[in-house]
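Trainee: task: produce atomic coordinates for the following.
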Amino acid sequence: MKITTGLIFLLSFAISSAFAMSKEEFKESAQDKLEMIEDKLETVEEKMAGAQGETKAKMENAYEDLIDQKDDLKEDLKEVSEEASEGYEEFKKEFSDGVAELEKKVNELLNS
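Mentor: Have a look, this model is predicted:
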């Protein structure tokens, strides 16, 4: 019975670790994309410096809109990451409860 309990625990731990990695990988990828956008926005800023008149005004307006969108995306990522953590913890609890129930049923079956 100890082997069965140990295997179930290791399986649940491995699955939990896989979910955590995926969430972290997504967060890192999204942050990398935002950094790439920030680099491109710096290039736009440099290009604006050489523009004049109406062209410069249009570029400045578009640039400000893009900065706002980038900032909104950063905030959304932060909120999703926080919510995902809370949801993930709930998932882990429910998953652990499910594993415990499964283990109980397996043990009952083995002992019947």
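Trainee: touching, residue 41 and residue 69? I think so.
Mentor: No. Residue 41 is not in contact with residue 69 according to C-beta atoms under 8 Å; the separation is 10.2 Å. Heads up, the C-betas are built off the backbone N, CA and C, glycines and all.
Trainee: which one of the two has more residues nearby?
Mentor: residue 41 (14 against 11; other C-beta atoms under 10 Å).
Trainee: now the helices for the protein?
Mentor: Here the chain has its helices, by DSSP state H, at 2-50, 53-110.
Trainee: surely residue 45 is in contact with residue 63?
Mentor: Yes. Using C-beta under 8 Å, residue 45 is in contact with residue 63, at 6.8 Å.
Trainee: and residue 53, how many neighbours?
Mentor: By other C-beta under 10 Å, neighbour count at residue 53 equals 7.
Trainee: cool, and residue 36?
Mentor: 10.
Trainee: do you know how far it is from residue 43?
Mentor: Using C-beta to C-beta, to the nearest Å, residue 36 is found at 11 Å from residue 43.
Trainee: could you check how far the closest residue to residue 67 other than its chain neighbours is from residue 94?
Mentor: Closest residue to residue 67 apart from its sequence neighbours, by C-beta to C-beta, 6 or more residues apart in numbering: residue 41 at 6.7 Å. Noted for residue 41: a distance of 42 Å to residue 94, by C-beta to C-beta.
Trainee: over to residue 38?
Mentor: Distance from residue 38 to residue 94, by C-beta to C-beta: 38 Å.
Trainee: where does this protein have low pLDDT?
Mentor: 1-23, 79-93, 95-96, 98-112 (pLDDT under 70).
Trainee: could you rerun that using 80?
Mentor: Residue ranges of the chain with pLDDT under 80: 1-30, 72-112.
Trainee: count the residues that sit near residue 54.
Mentor: Count around residue 54 with other C-beta under 10 Å applied: 8.
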